[in-house]
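[1] Sharing a model that was predicted from the sequence below.
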Amino acid sequence: MSKSLLQGLTKHLTNCSDVTFKPVRTYGRTGVLVYIPSIINTNALQHSILLPLREKENAEEEWTEFVRRMEEEVAFSIPGSLVEDPSQAADHVVMGKAVLYLEGFRAFASLDITQYQKRSISESQNELVIIGPQEAFIEDMESNLSLIRHKIKHPGLKTQMMTVGTFTKTNICLLYIEGLASESLIQRLRENLSSIQVDGVFGISYLMENMKMSRSLLPLFLTTERPDAAASSVLDGRVGILVDGTPTVILAPVTFFSFMQSSEDYYQNYFAASWIRLVRLFFSLVSVLLPSLYVAITTFHPQIIPSNLLITIASARENVPFSALSEALVMELTFEALREAGTRIPKPLGQTVSIIGGIVIGQAAVQAGIVSAPLVIVVSVTGIASYIIPHMELGLIFRLLRFPILLLGGTMGLIGVFAGSFLLYAHMASLRSFQTPYLEPLAPLIFREWKDTFFRFPSSSLNKRKRTPISSREPSRGGASGS
Amino acid sequence: MKAIKLAMALVMLFGLTGCWSRVELDEWAFAFGLYLDVGPAPGTVSVTISTPLPNHLTSGQQTGSSGGANKPYAMITKTGRTIPDALVMIQQDLSRQLSLAELKVILVGKAYAAQGLTDLLEWITRDPEVSMGAFLIGTDNVIQTANLTPIYEQIPSQILMSFASERHMLNTSARDCLVASSYGLGYGLTYITSSSVPTPEKSADGNRTWSGINGVMLFNKEKLKGTLDLEEGRSLALAYGKLKDPSYTIYWNNEKSYANAIFTKTSSRRTVRLEKGRPVFTIHLKGRVGLTTVKDQEGRNANALHNLILRQLNRQIRQNVEQALTKTQEAGTDAMRLGSLVEWNYPKLWQKLRPRWEEAYRKEVDIRVVTDYTLNDYGKQN
C-alpha cells in the first residue's frame, strides 16, 4: 500500500526534470525525499531533515517511537504536516516543500523549507520622498510582511492568508488592525477574494478587476509600494491586500482625495505640506480642464480674455491653418505618444525621444506655423500638471478624461466644459469604494476632516482619531453603487 | 431606458450650443477704439474703428516702430445715418467678423459732441455687445487724434485708454454718463487735443501726431456746454477724487519762491445742507503731501517754511477748485453729480429742483471747498 503512495507521487511529477528524488535510509527502511532544489533552503534540508535521518539503528522500538513522533508532527525541528493524497503531495513539492516518503509509513511528511529566489529590499522607485523612509516592498510576501511588522508592533495587526489562482496558487494576505478596520469590510473583502476564479494572478490588477465592484473609470483601490504608506493606511482603518510576487500593496477603501496625498506630506513641515496639497488639487483640475478651457474660450468666448492677452494669442494663431480644437487634439495626442514612448523605450534610447519630442513639439511645429505657441504652453502645463498627482492610477485616468472634455469644449464652448465636468463630478459623487463615499469629506461634507485632506495640520491636532474605521460609517442613503 | 434618457439630455444640451457659429480667434476683427464725428453731410455720423492687426504683430516681436506700411493696427471709417448703420457698412467691407466686445474707448469729436451724445448713449444701452465700461473721451480733431503715433504702445487706442484708466484726468465711462443722464445731471469728459510735432528720429513721415490732455469737456443733457482748461480740469478731477497721484506747485513771494508737492493720499467727500432753502454743497478735500522741490528766497527755517507751504497749498487748492467749480456753474453742468446728494438727502426738494436743475445749479447753488492737507514727507532732506 505504501509503495503505491510513491508511485502516485512519481506519476504526478513526471517530466519535471528539476524534481529531485533523493533516496534515504533510516531505521533500516528505505525512503525517498522529494524536492525541487531551486526553491528550497538547502541548508535547512541538510541540517533539519537529512542529518536527523542519517543511519539510525535498525531497532524496531526506535522505529515505533519515530512513527509516533511523525504522527504527532514533532519528528523534525521544522514545521511540517502529513499528507496522504499523492496529488496533494505533488502540490507541496512544487510549492517548495520537501516531501518525505518512508517505506512502511502511511503518509508523506511534508516539510516546509521553501525559499524562493528574491531580490533584496531596495529603494522606492515610483513613490519618491526626500525625507522619510526609502525602502520599498519587493516581490516576496514574507519580506513585505516583515517590513510592515517592523513598523506596527502590535498583536492587533492581523494577517489572513488565502490562495488565489488555479495554476499559480498565489498567496494573498489580508492585512488589517483588529478594532480599527471595520468587520463588515474585512468580511466583504474576504468573500470577494475567495470567490475569485482565475487561472493565475500576476499582478494586483488581476485581483482588483475580479472583485465585485462597481465599474468606473476612476480607481477604487489605492496602491502603494511603500511599507510606511501601507502601515499608515492600515492605521487609518484601511485593509491592505498583499499579493505574493508583486511589490505593490492594494489598499481599500479609498476616497478621491487619498490619491492626492503623498507620504512625503507627513514627513515635511506642515505649512509646506498644506501648500503642496493645495497646489496638487489646483493642478489636478488644470490637468483635466486647461486644454478644453483654452479651446472653448478662444473659439467661443474671446470677450473674456483681457485685451492685451487677446492680441498676443490672436497674433500667435494668425498663421495657424487648423482650428483651435484640432490643433489642441493633435498636440495632446502627440504628447501622449511621447509620454508612452518615453516610458517604454529602452533607457539608452530615451534621450533620442526627448530630444526629438522637444524639438518637434517645442520649436519646429511653432516655427512652421502648424501650431501656435500659446497652445504649446497649454499642452506642456497640462502635461506637467498630470504628473503632479502622486498616484499614477488617477493621473492616467485624468489624462484620458481630458480628451472627451476637450471635444465638448471645442464643440460647445464653456457650456460643454461645464457639462462635462459636472457629469464627471456627479459620477464621482455617486461612487463608493466599499461603502465609503468617493468624494468624502467634500460630499458628504465633513469639515473636520478637511484638515487632513486639503491641508495637512500638525500631527498633534490630527491625532484625535477620526480614525474610526472609514467604512464603518454607514451610507446615509442606500442603493448607491459600490459594493 | 437610461441610455435613451441620457441621449435625450445630450441632444438637448447640443441644441444650446453654437458649434456651427464658432468663430476662431483669427477670424475676428476686434475693435478696441471707436471714434465718432459728424459726417460730411448733415445728419450723418462718421464712425471710425481701430482694430489691432494680429498678422502684423507676430508674437514675441516688438512692434510699433515697424514703419508706416506695417502699422500693427488698422483704421476703417464709414459714414452713416446712425452708428449701427456705419458699423454695418464697415462690416460689409471686412473679411473678418467685427467684434465690439473688446471696445475700450470711445472718442467723440467736438462737433459731434455739440450735437449731443443721445444717439451714442442710446446705442450703448441697447447693443449687448458694447461694454458699458468703455471710456468716453472728447477731442478737438477726431481723425488726427485717432491717428496719433503710438510710441510706447502698439495701438493708438491703447494710449487713449490709458489717459482714462491711469486717471490722468477724469475716467468717465459710458456707465457714468448714463447714470448722470438718468439723474438729469451733467458729466465731464477728458478733453484731448492733438498736434503735429516733428519726430526727433529721421523717419519717412517727418512729423508725428502727439495727443495730450488739454482739459475737460462739460456735458449737460448730452450736449457739450463748455470746456475747462488743463488747470481747471485737474482741479475738478481732484475735487471729484479721480486724479491719480496729483502734484501741485505752490508759489509765494510773487512766484519767486516755490515748492512742489506730491499727494500721496487724497480723499474727497461731498456733503450738502440747506441754507435758506437753498442747497449748499461742501467739498472736503483731505490728503497727505510730500515735498519734492522747495526753493525759498528768504531762507526761512524748516518749521516756518513748512507751515507756510502748507498754508499756501491749502489756500491755492481751495481757490483752484472753487474756480473750476464756478466754471462748471457758469456752464450749467453739474459735472460732479452734486444733485444726487440733494436727491438722497432732500428728496422732496429734489422733486422741485430736478426739472430746472441746470438753472438752479447755475444760480442758486453755493459750493464751498474745505481743504485739509498735511505734510508728512519732507523729502530726503528736510
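    Structure's in. What do you need?

[2] any idea how far B:Val280 is from A:Asn126?
    Counting by C-beta to C-beta, to the nearest Å, the separation of A:Asn126 from B:Val280 is 78 Å. Placement of C-beta: from N, CA and C, glycine included.

[3] Repeat that for B:Leu274.
    For B:Leu274, the distance to B:Val280 - C-beta to C-beta - is 7 Å.

[4] Could you do A:Asp18 as well?
    For A:Asp18, the distance to B:Val280 - C-beta to C-beta - is 112 Å.

[5] Looking at those two, which one has more neighbours?
    B:Val280 (14 against 11; other C-beta atoms under 10 Å in any protein chain shown).

[6] And what about the more buried one, helix, strand or coil?
    Here B:Val280 is recorded as strand under DSSP: H, G, I helix; E, B strand; the rest coil.

[7] For it, give me the pLDDT.
    Model confidence at B:Val280, given as pLDDT, is 93.

[8] A:Gly358: how many residues sit nearby?
    A:Gly358, neighbours per other C-beta under 10 Å, totals 12.

[9] Can you tell me the SS state at it?
    Applying three-state DSSP: A:Gly358 is helix.

[10] repeat for A:Pro23
    A:Pro23 ends up strand, using three-state DSSP.

[11] What residues are bridge-paired with it?
    Using DSSP bridges, the bridge partners assigned to A:Pro23 are A:Val32.

[12] how about low-confidence regions in the chain?
    The chain I'm using is chain A. Counting by pLDDT under 70, the ranges of chain A that qualify are A:1-2, A:55, A:463-483.

[13] That was the other one, I meant chain B.
    In chain B, residues with pLDDT under 70: B:16-19, B:57-70, B:199-206, B:382.

[14] For it, which segments count as helices?
    B:2-15, B:83-93, B:110-115, B:118-126, B:142-146, B:156-165, B:174-183, B:230-240, B:302-331, B:339-345, B:347-353, B:357-363 (DSSP state H).

[15] Compare those and report which one is nearest to chain A.
    Chain A sits nearest to helix B:2-15 of all the helices of chain B, at 5.8 Å, using C-beta to the nearest C-beta.

[16] what comes into contact with that closest one?
    A:Met412, A:Ile415, A:Ala419 (C-beta atoms under 8 Å, 6 or more residues apart in numbering or on different chains).

[17] Compare those residues and tell me which is most surrounded.
    The member of those surrounded by the most neighbours (other C-beta under 10 Å) is A:Met412, with 22 neighbours in all.

[18] thought that residue was touching A:Ala419?
    Yes: using C-beta atoms under 8 Å, A:Met412 is in contact with A:Ala419, at 7.1 Å.

[19] Next, A:Tyr116: secondary structure please.
    coil.

[20] Residue 115: neighbour count?
    Just going to use chain A. 16.

[21] That was the other one, I meant chain B.
    Neighbours of B:Gln115 (other C-beta under 10 Å): 17.

[22] so what's B:Leu98 bridging to?
    Under the criterion used (DSSP bridges), B:Leu98 bridges to B:Ala29.

[23] ok and the residue in the stretch 201-350 of chain B nearest chain A?
    For the stretch 201-350 of chain B, C-beta to the nearest C-beta, closest residue to chain A: B:Ser211, 19.6 Å.

[24] surely that residue meets B:Ala146?
    No: B:Ser211 is beyond contact range of B:Ala146, at 9.2 Å (criterion: C-beta under 8 Å).

[25] For the residue of the stretch 351-483 of chain A found nearest chain B, give me phi and psi.
    The nearest approach of the stretch 351-483 of chain A to chain B comes at A:Met412, 3.7 Å away (C-beta to the nearest C-beta). Taking degrees, to the nearest 10, you get phi -120, psi 0 for the backbone angles of A:Met412.

[26] can you check the one 4 residues further on too?
    With angles defined as degrees, to the nearest 10, A:Gly416 sits at phi -70, psi -40.

[27] That one is in contact with A:Leu406, isn't it?
    No: using C-beta under 8 Å, A:Gly416 is not in contact with A:Leu406, being 9.4 Å away.

[28] which residues of the stretch 201-350 of chain A fall in helices?
    A:204-210, A:227-235, A:264-267, A:270-300, A:307-317, A:324-344, A:350-357 (DSSP state H, counting those that start in this stretch).

[29] mind listing what's buried in the fourth one?
    It stands for helix A:270-300. Residues of helix A:270-300 classed as buried: A:270, A:273-274, A:276-277, A:280-281, A:283-284, A:286-300 (neighbour count, 16 or more other C-beta atoms under 10 Å in any protein chain shown).

[30] before we move on, what about the first one?
    Taking 16+ other C-beta under 10 Å as the neighbour-count basis, helix A:204-210 is seen to contain the buried residues A:Ile204, A:Tyr206, A:Leu207, A:Met208, A:Asn210.

[31] C-alpha coordinates for that helix, CSV please?
    Presented in CSV, the C-alpha positions along helix A:204-210 are these (Å, rounded to 0.1, in the frame of the first residue of the first chain):
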residue,chain,number,x,y,z
ILE,A,204,-2.7,43.4,-8.4
SER,A,205,-4.9,44.4,-11.3
TYR,A,206,-5.9,40.7,-11.6
LEU,A,207,-7.4,40.9,-8.2
MET,A,208,-8.9,44.4,-8.5
GLU,A,209,-10.7,43.6,-11.7
ASN,A,210,-12.1,40.4,-10.5
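
[32] Does anything pack onto that helix? Which helices or strands?
    strand A:239-243, strand A:249-252 (3 or more C-beta pairs under 8 Å, 6 or more residues apart in numbering or on different chains; DSSP states H and E).

[33] so what sits against both of A:Gly416 and A:Leu406?
    In contact with both A:Gly416 and A:Leu406: A:Ser292, using C-beta under 8 Å, 6+ apart.

[34] Now do the same contact list for the spatially closest residue to B:Ile250 that is not a sequence neighbour.
    Sequence neighbours aside, B:Gln312 is the residue nearest to B:Ile250 in space, at 4.5 Å (criterion: C-beta to C-beta, 6 or more residues apart in numbering or on different chains). Counting by C-beta under 8 Å, 6+ apart, B:Gln312 touches B:Ile250, B:Tyr251, B:Trp252, B:Ala259.

[35] Serialize those residues to JSON lines and add fields for neighbour count.
    Below are the contacts of B:Gln312 laid out as JSON lines (neighbours: other C-beta atoms under 10 Å in any protein chain shown):
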{"residue": "B:Ile250", "neighbour count": "22"}
{"residue": "B:Tyr251", "neighbour count": "13"}
{"residue": "B:Trp252", "neighbour count": "17"}
{"residue": "B:Ala259", "neighbour count": "25"}
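
[36] any idea how far A:Arg226 lies from chain B?
    For A:Arg226, the distance to chain B equals 40 Å [C-beta to the nearest C-beta, to the nearest Å].

[37] ok, so what distance separates the residue of the stretch 151-300 of chain B found nearest chain A from A:Leu222?
    Here the residue of the stretch 151-300 of chain B nearest chain A is B:Gln154; by C-beta to the nearest C-beta that distance is 7.5 Å. Separation of B:Gln154 from A:Leu222 (C-beta to C-beta): 52 Å.

[38] got it, and A:Ile36?
    A:Ile36 is 36 Å from A:Leu222, by C-beta to C-beta.

[39] Between these two, tell me which one has more neighbours.
    Comparing A:Ile36 with A:Leu222 by neighbour count (other C-beta under 10 Å), the higher total belongs to A:Leu222, at 24 against 18.
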